[in-house]
Structure formats: C-alpha cells, structure tokens
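> Next come a sequence and a model predicted from it.
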Amino acid sequence: MSDRVDLRPRERLVLTAAAQREADARSVAGGVSSDDLMESAGRSAADWILERLAPSRVVILVGPGGNGGDGLVVARRLREVGVDVRTFLLESPDRLGEPSRTMLERLDEMGDGTICLGGEARGEIEGAFEWADWVVDGLLGSGVERPLCGTYLDIVERLNAADVRVVSLDLPSGLTADRGERLGVAVEADITLAMAFLKPAHLLFPASECCGNVAVVPIAYPPGALAGIEPCARVPERAGIAGRLPSRRPDGHKRTFGRVLIVAGSMGMTGAAILCCRAALRAGTGLVYLGIPRSLNAIVETALPEVITLPLPDEGGHLVSVEDVRFIRALENADILAIGPGLSLEPGVGDVTRDLIARFRGLIVVDADALDALRGHADSLTCLGGRSVLTPHPGEFGGLVGRSPIEIDVDRVEAARGFAQEHEVVLLLKGRPSVIGLPDGSVHVNPTGNTGLATGGSGDVLTGLIAGFAAGGASLEDAAVLGAYVHGWAAEVYARDRSERSLTPSDLIELLPNVLREVETWI
C-alpha cells in the first residue's frame, strides 16, 4: 500500500475581499510582516509569469494599494532575471501604503527609473503599450466600489484599446471583488492571477468576462491564519469531484445501484422524459421507472427499452392522476423520485405534482414544471426540507422567490445560499455559473460548461444525472455537485474538436460513458 500523500487540491476556496483582509491581518498579528506577505504574493505572480509566459518586454502599471505593491515586486523580480521592464506609477510615492513604499525603494535600488504618471506622461504610456509584449495590471485591487474616473479611467481605456496582452494581479482594475456586476469600464485581462484565493468576481458573470483565464498563485500565509474564516463559496477541483462518485460493489446487482422513479413528459414533451431517463441510466442507476401519460406510453416504450414504463391516467396528453397499482408500488419502492421535465403547466398537473411530493417518502429531485407547481405553496416546500434537490434556472427561481432573473443573477451565490438555508434543501441554481446552495449555508460554484448547454433538454439530462448518482449512493450534496460538474465537463469534452454551438442534449448522453471513465481516472 502506497504512503504517498495526494497533494492535489480537492477544491478552491472563494473569499470575499474582507475575508482576505482578515487573513492578512491575522498573519501580521502572528508575526509575518506586511512586507513579507507582499513579497510572497509578488514573487509568486512573477514566477508564474516567467514560467508560463516567458516575457521579454513588460509594462507594469502600479496603483496606490496592495496590488500596486505586488506589481512593484513583480517588476523587481522580472528585472532580476533580465526582462526589460518599464514601470509606471499612477500616484506620487508619498501616497503609497507603507509596504508598497518599501517595495518601491527596493526597486529604485536597481535603477529601474520608475515613471510617475502625470498628465505629460500619458502619451509615453501609449508608446509603452505598443512596445510591450505583456502589461501587468497592478492599478487597483479588491476595494473598488465605484466606477473608474479621471486618470485611471483614461489609462484603462487606453490599455483596453491597445494591441497588447494583459495580466491582472488579483483582480482586473475596475471590478468590485464580491459581486458579478461591472460598475463601468474595467481592464479586460487575458489572464488574472488570483492571490491565494478566488473572489466572487472571478466566477460571476459579467465581471468574470474581464478576468480571462484565472490562475491561483500562493501566498505564504502562516498556519492558523485562516482558522475560523469561512469562505463564501467553494469551487470543486478534479480530485474532489472523483471522490464524490458513489462506489460500486463488485457483487452489486440492479437493486444495489438504486431505483429511480421519474415522472415526466406530456404531449409534445416526450423528449424531456426520454433524455432524463437516459441520463439516469448512464449515471449507473440499477432500475429506472418512468411515470408517463398513458397516451404517450407507446412512444417512450419504443425509445427506452431499458426503462420500466408506468402508463398513468391523462387528458390531452398531460397527467391528471397517478392512481395506478403498478405506479403506487414503484412509488413505495423507489429510492429517488425525479419529477418535472416536460410535465406541462396545464391545469391540474400542479395538483398531481404536489400530491406526489407529499406522498413520496424518499429523496426527490425537483425540476422544470414541478418547480412551477411549488410557487405559492409553502407547505410543499416545507415537505421537501432535508430530502431534496431543486434545479431551477433564474426564471423558475424568480417565480419561487418573487424576484426577477436579473436581480438573482447580480449575486447568485447569496441567492442560492439564502433559499437553501431557509428551506433546508439543496438548491442548484443553473446558469453562468451554476451554483449549489446547501442547507448549512455553504455554496459550491461549478466551474465547468459552455454555451453548448444553452439548449432545450440540457436541464433534463442534468436532472437524470443527479437522480442517478443519488440512487447509486451519493449524498444529495455530492449528487448535485457531481451532476453539475459532469454535465458541464461533457460539454467541454464535446467542444475539444467540435463547435460547442452544435451540441445537443443527446450528444451529452452519448459522451457520458467516456466522460465518466475520464472522471474515474482522476481519483
């Protein structure tokens, strides 16, 4: 048995600006100087740049705060190894904070010739942008709370218009760290080097569009600096995703790997039921049952030879009752109920949905039209507490909470957190990015996916995956996190050699065997 320690991160922490400032303060209180923290951050960023970008001519833009100090360290480190560097300081040296003044003095000792950027130097900086192969943005950090103006606005607009690649330190200047909104003009970076932790703006749209590719570089925080500091969210890494896969006993049989009962489909929406069932099967479910309007049974029975279909009373192709002996038996024996894909919004369907939620005693995945049935029915939401995953998109979620999709997307992390805590459910809020709120107040932000998922039927596949993983033994948290990640990863695998715009939900299902095999190798 190997005693090798696996050093791969299972997740990345997302901290607010205030939480990271607290970590900095605790480090200083623990005996690590502010100078040493800044030196560590700047050198980590510089080493990342040297190793991966191999720059020859670099412009460093320095503002008055900690990001500017980090930029001064980057300038010195690049100079030490022979990179041609031009450093522009946008404030007079006496306006710098104490650690940054120290870093400026160390840089000046090398004879760098830092340029203090007054009005007469603005033409010179445009020439420097044309000369450089990379610009390092150290203008403003995570404390921005209002739109750029004056010199900073002018420089950022010139930088965005220049034909030069940009690395931003911690956060592109002009963004606010803790939200996804854009306050106005901000640096449009090619790469953002997050200092030790991700920030919400690195992940949330539209701010994340300014960040380009985001990499996390280390800071030498002392042990204990983070004790008691709660991240506002977590981003799963590959090693963590692999660890969430439910194990499969070698002597297992079809009942060992779970029984999923799916209630889905209506006239014109049989595809939703079919996609959901196929995804549940691909996730490893032992038995899949489908409750379907009786008039549509022949369609799905032909399309789903592996699924046990349960025809139910209908009217015009939508459910009106679930009073069927075989269905009631399946309802009593199933481990997971997945309800909603393509059920329709016809009168009476909501009553059937709420009745099923109240009668079923196991775990439930609620999606699509079943979410609409919960609107205005607090008793049904209460019934779901402690045993369910809800998978709304912003429009469906807005219907549940009485807010517009735009309001929700401004801070989807807090929206998911609040609802999950209040109702004691797992809330998977779909979108860019999908976020998973848990009853204990923690949040996962899913990092995978692309625009190929923005098509009808994609959510039905996700529902089937979550139900299938949960039936196989995953907790509701693991099933939701795993389902979102695998769903998005399949879309990325498809786009490796094909156009993501051509992706269909059926393509996702066909990719799942290879995608899941790939995930299994991450363990």
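Sure thing, it's come through.
> Pull the contacting residues for Gly268.
Residues in contact with Gly268 (CB atoms under 8 Å, 6 or more residues apart in numbering) are Gly317. No exception for glycine: its C-beta is placed from N, CA and C like everyone else's.
> any idea how far it is from Thr504?
Distance of Gly268 to Thr504, given as CB to CB, to the nearest Å: 18 Å.
> what's the neighbour count on Asp251?
For Asp251, the neighbour count with other CB atoms under 10 Å is 5.
> residues contacting it?
Here Asp251 is in contact with no residue (CB under 8 Å, 6+ apart).
> Likewise for Pro206?
Gly180, Glu181, Arg182.
> Save the residues you listed as TSV, and put in secondary structure, distance to Ile436 and pLDDT too.
Converted to TSV, the contacts of Pro206 look like this (DSSP: H, G, I helix; E, B strand; the rest coil; distance: CB to CB, whole Å; pLDDT from 0 to 100):
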residue	secondary structure	distance to Ile436	pLDDT
Gly180	coil	16	86
Glu181	coil	22	84
Arg182	coil	25	87
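> May I have the secondary structure class of the residue nearest to Glu126 when sequence neighbours are not counted?
Counting by CB to CB, 6 or more residues apart in numbering, Arg158 is the residue found nearest to Glu126 once chain neighbours are left out, at 5.7 Å. Secondary structure for Arg158, judged by DSSP: H, G, I helix; E, B strand; the rest coil, is helix.
> What is the neighbour count of Arg158?
Neighbour count for Arg158, taken as other CB under 10 Å: 14.
> Quickly note the distance from it to Ala207.
Distance, Arg158 to Ala207, by CB to CB: 21 Å.
> for the chain, where's the lowest mean pLDDT among helices and strands?
strand 115-116 (a mean of 74; mean pLDDT, DSSP states H and E).
> Just list what that one packs against, helices and strands only.
Contact here means 3 or more CB pairs under 8 Å, 6 or more residues apart in numbering; DSSP states H and E; on that basis strand 115-116 packs against strand 84-89.
> What is the subsequent helix or strand relative to the strand it packs on?
Following strand 84-89 in sequence order, the next helix or strand is helix 98-108 (DSSP states H and E).
> Okay, helices next: where are they in the stretch 251-400 of the chain?
Ranges of helices in the stretch 251-400 of the chain, per DSSP state H, counting those that start in this stretch, are 270-282, 297-303, 325-333, 349-359, 369-374, 378-384, 394-401.
> can you list the domain ranges for the protein.
Listed domain ranges for the chain are 11-234, 252-520 (source: automatic domain parsing).
> if you average pLDDT over the longest one, what comes out?
This points to domain 252-520. Averaging pLDDT along domain 252-520 gives 96.
> So what would you say the end-to-end distance of it is?
18 Å (CA to CA, to the nearest Å).
> so which strand or helix has the nearest residue to Ser442 once chain neighbours are set aside?
Spatial nearest neighbour of Ser442, chain neighbours left out: Arg234 (6.9 Å); criterion: CB to CB, 6+ apart. Assigned by DSSP H and E, Arg234 falls within strand 233-236.
> Perfect, I'm done here.
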